[in-house]
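In: sequence? don't have it. structure:
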């Protein structure tokens, strides 16, 4: 189970890194669009840069495994007492 958990964490870290890289690209793109005079594009890119951290955190916290769920297990011994 230790390997699966570390693989899950690595996948979540990659997802977060990808989202934050996209956010950085949005900021750079907004600056370039602003300097190029594309007035309609830079506000969209800024909005993306503002919203992306929320989604990055949510996606990073989503586990790819279902082992985090609560499971009920029967531990009652049903043997009768001998007499």
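Out: Yep, that arrived. It should be emphasised that the depicted structure is a prediction, and the values quoted were computed from it without experimental measurement. Residues are numbered from 1 along each chain as shown.
In: any chance you could map the helices in the chain?
Out: 2-36, 41-61 (DSSP state H).
In: ok now stretch 32-47, how far from the chain's centre?
Out: 27 Å (C-alpha atoms, centre = their mean, to the nearest Å).
In: turn the helices of the chain into a markdown table, including mean neighbour count and mean pLDDT.
Out: Bear in mind the C-beta positions are built from the backbone N, C-alpha and C, glycine included. Listed next are the helices of the chain as a markdown table, based on neighbours: other C-beta atoms under 10 Å; pLDDT from 0 to 100:
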| stretch | mean neighbour count | mean pLDDT |
| --- | --- | --- |
| helix 2-36 | 14 | 87 |
| helix 41-61 | 15 | 87 |
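In: show me what contacts residue 9?
Out: The contact partners of residue 9, by C-beta atoms under 8 Å, 6 or more residues apart in numbering, come to none.
In: from residue 61, how far off is it?
Out: Per C-beta to C-beta, to the nearest Å, residue 9 is found 11 Å from residue 61.
In: now do residue 43
Out: Distance of residue 43 to residue 61, given as C-beta to C-beta: 29 Å.
In: could you do residue 7 as well?
Out: Distance, residue 7 to residue 61, using C-beta to C-beta: 16 Å.
In: check residue 44 too.
Out: Using C-beta to C-beta, residue 44 is found at 26 Å from residue 61.
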